[in-house]
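Chemist: This is a predicted model, with the sequence first.
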Amino acid sequence: MSKYRKRYVVIKSNRDFTYLFKKGESVVCGGFVCYIRPRRAGRNRLGIVTGKKIGNAVKRNRARRIIREAFRLIDPTIKQQTDRRFDFVFVARVKTPTLKMQQILNLMKKNVLPKLQ
């Protein structure tokens, strides 16, 4: 097994995405929209949605990569702040591929972390 283990689980099923869209609390930023819902146990789960409005496949993949990396960096902070675990779904916006990862990380710290209290 690799020494680099993911600290979060990826959300893949459509049922989980639609449940979060309906029941989750939304946080709207310039770079993304985040839906958050507490869960009972386990690790944090992450889902990323990029629509065709974002651009071609290269731009959509870049948006996913920078959101995933920013979440990877903020995940230990989430675990230190609270004992609860959450489901996160990030919906990329048109502006997302043009932003740097550090800008996305700052948006997450400023807008998403206060909602977890």
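Modeler: Cool, got the structure. These numbers were taken from a predicted model, which means no experiment stands behind them.

Chemist: Distance of the residue nearest the centre of the chain relative to Asp83?
Modeler: Central residue of the chain (C-alpha atoms, centre = their mean): Phe90, 4.2 Å from the mean position. Using C-beta to C-beta, to the nearest Å, Phe90 is found at 23 Å from Asp83. C-beta: built from backbone N, CA, C; applies to glycine.

Chemist: what's the answer for Pro38, then?
Modeler: 11 Å.

Chemist: quick one, which of those two is more surrounded?
Modeler: Pro38 (12 against 6; other C-beta atoms under 10 Å).

Chemist: Now for the more buried one: which residues touch it?
Modeler: Pro38 is in contact with 84-87, counting by C-beta atoms under 8 Å, 6 or more residues apart in numbering.

Chemist: 10 Å instead, please
Modeler: Pro38 makes contacts with 24-25, 82, 84-87, 116, as judged by C-beta atoms under 10 Å, 6 or more residues apart in numbering.

Chemist: what do you get for Arg39?
Modeler: 45, 84-87.

Chemist: Where is the longest helix in this structure?
Modeler: Criterion DSSP state H: the longest helix present in the chain is helix 57-81.

Chemist: Tell me the buried residues in that helix?
Modeler: Buried positions in helix 57-81, judged by neighbour count with 16 or more other C-beta atoms under 10 Å: 59-60, 62-64, 66-68, 70-71, 74-75, 78.

Chemist: just stretch 80-96 next, same as before
Modeler: For stretch 80-96, a neighbour-count test (16+ other C-beta under 10 Å) marks 85-93, 96 as buried.

Chemist: Same check on stretch 15-22?
Modeler: Neighbour count says stretch 15-22 has 17, 19-20 buried, by 16+ other C-beta under 10 Å.
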